[in-house]
Structures are given as C-alpha cells and as structure tokens.
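# Next comes the sequence, and after it the predicted model I'd like to discuss.
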Amino acid sequence: MRLKFSFVRYLFLCVIILSVGCAGMNRLREENLSMSQRLQELESKNALLAEERDKLENTKRSLEESLQGTGASVRIKDGKIAVMLPSSVFFNSGQATLKKGVKNSLTKVCNAIKNDFPSGTIRIEGHTDSDPIKRTRSIYASNWELSAMRAANVLHFLVGTCGLDSKRLHIAGFGEYRPIASNNTKEGKKQNRRVEIVVLTTR
C-alpha cells in the first residue's frame with residue numbers, strides 16, 4: 001500500500017513538472033515570437049528611414065543642380081528640404097527690399113520649387129545675425145521685424161511675380177535666435193543672415 005502511494009505521488013509530481021515545463025516552453029515560444037515581430041518592425045522602419053534619407057539626398061542634389069548660379073544653396077533641415085537665400089546676395093545690409101539684380105535668380109528658385117514640389121506647405125523663414133539694428137532702426141525695431149519683412153518680401157515675389165499658390169505659403173521671422181554658425185566671427189554672421197524656403201509637406 002505504501003509503495004503504491006509513493007508511486008502515485010511520483011506520477012503526480014511528474015505530471016506537475018511536465019505541466020510547468022510545457023508552460024515555460026510555451027511562454028518562451030511566445031516571447032521569441034514577440035521579439036521576432038519587433039525585430040521585423042524595426043528592420044522595416046529602418047528600411048523606410050533609409051529610403052527617405054536617400055530620397056531627400058537625391059532631391060537635394062537635383063535642386064542644387066537646378067539652382068547653380070543663383071547664389072542659393074540647399075540643405076536638409078530637420079528632415080525637410082530648405083533652400084537658403086544668403087542675405088548678402090539678395091538684400092542690402094539692414095534692408096528688406098530685394099536687390100534688383102536677384103529677380104532672375106529668385107525666379108529660377110521659384111521654378112525649381114514648382115517643378116520639384118508642385119503641392120504641399122512651404123514656410124519662408126527670415127534669419128539675421130546677432131548684431132542689433134542701427135542704420136534702419138527707425139524702420140525695423142529689432143532683428144525680428146527685419147527678418148520677418150525679408151521673408152514677407154520673398155513670399156510676395158514668389159506669389160505675385162512667380163505665381164506660387166498663396167495658400168501654400170506662410171512666413172516666420174526668427175531674428176537672431178536660430179543661428180547655423182557662430183555669431184562671434186564675420187563668416188559666421190554672414191551665414192546666419194539668410195532667408196530659408198522650407199518645404200514642410202509635399203502634399
């Protein structure tokens with residue numbers, strides 16, 4: 001009787017061990033499956049990001065070729081294409097009116113945008129260096145006003161002369177607060193004085 005009881009207890013323990021073992025194996029299988037799915041999702045996202053980077057680089061190169069000789073340059077800014085108009089080329093010092101000699105160049109910029117980005121939202125940003133306004137202080141109270149007016153004049157040209165859809169465009173004046181170089185050097189200040197045409201969306 002005691003032997004029979006021991007044998008039954010042994011069988012019972014075996015069943016418990018096997019049950020726990022099976023549950024553990026099932027849990028491991030589920031975890032492995034979940035990890036595999038997450039890895040596939042990450043690989044898919046990385047592939048999409050790489051494809052988007054390549055597309056941006058190709059667009060940048062294409063625009064650079066189209067804009068040769070205009071004085072404008074192209075960069076990728078926060079994952080967006082931005083056409084940079086240096087103030088030294090397009091504006092007189094402390095002024096917001098476009099130079100007469102740059103209208104052909106700006107028309108070329110506009111046509112390139114029309115061809116490469118026929119729809120979507122575009123922001124025209126004005127930027128300055130950190131030097132305070134002096135000679136035109138009576139017109140522009142600060143770098144904010146100067147940067148915003150330069151952006152506005154570029155917008156009016158793109159809409160009024162070049163025919164871009166006004167519903168696609170808006171402006172922003174950032175003054176000296178978004179530099180791309182040091183304001184401690186003349187070259188850095190020159191780079192910071194700019195208007196950027198940023199393609200926010202392509203649809």
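Yep, it's here. Numbers count the residues shown, from 1 in each chain.
# Pull up the distance across stretch 119-132, start to finish.
End-to-end distance for stretch 119-132, by Cα to Cα, to the nearest Å: 37 Å.
# Now it: buried residues?
Within stretch 119-132, the residues that qualify as buried are 122, 123, 124, 125, 126, 127, 128, 129, counting by 16 or more other Cβ atoms under 10 Å. In this view, the C-beta of every residue, glycine as well, is placed from N, C-alpha and C.
# Is the fifth one in a helix, a strand, or coil?
Reducing the assignment to helix, strand or coil with DSSP: H, G, I helix; E, B strand; the rest coil, the entry for residue 126 is strand.
# In this structure it contacts residue 147, no?
Yes: Residue 126 lies in contact with residue 147 (Cβ atoms under 8 Å); the separation is 3.1 Å.
# So for these two, which residues contact both of them?
Counting by Cβ atoms under 8 Å, 6 or more residues apart in numbering, the shared contacts of residue 126 and residue 147 are 173, 174, 175.
# quick check, the last one in a strand?
No: looking at residue 175 with three-state DSSP, it is coil, so not inside a strand.
# can you give me the helices in this structure?
In the chain, the helices defined using DSSP state H lie at 2-66, 87-90, 103-116, 143-156, 186-192.
# any chance of those helices in JSON lines, with mean neighbour count and distance to residue 137 too?
Below are the helices of the chain laid out as JSON lines (neighbours: other Cβ atoms under 10 Å; distance: least, Cβ to Cβ, whole Å):
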{"stretch": "helix 2-66", "mean neighbour count": "11", "distance to residue 137": "36"}
{"stretch": "helix 87-90", "mean neighbour count": "19", "distance to residue 137": "17"}
{"stretch": "helix 103-116", "mean neighbour count": "17", "distance to residue 137": "27"}
{"stretch": "helix 143-156", "mean neighbour count": "22", "distance to residue 137": "10"}
{"stretch": "helix 186-192", "mean neighbour count": "15", "distance to residue 137": "18"}
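# could I get those helices as TSV with distance to residue 199?
Output for those, formatted as TSV (distance: least, Cβ to Cβ, whole Å):
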stretch	distance to residue 199
helix 2-66	9
helix 87-90	19
helix 103-116	8
helix 143-156	14
helix 186-192	21
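# Can you give me the pLDDT of residue 2?
At residue 2, the model reports a pLDDT of 52.
# that older thread, including neighbour count and pLDDT, could the shared contacts of residue 126 and residue 147 go into CSV?
Putting the shared contacts of residue 126 and residue 147 into CSV (neighbours: other Cβ atoms under 10 Å; pLDDT from 0 to 100) gives the following:
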residue, neighbour count, pLDDT
173, 22, 98
174, 17, 98
175, 18, 97
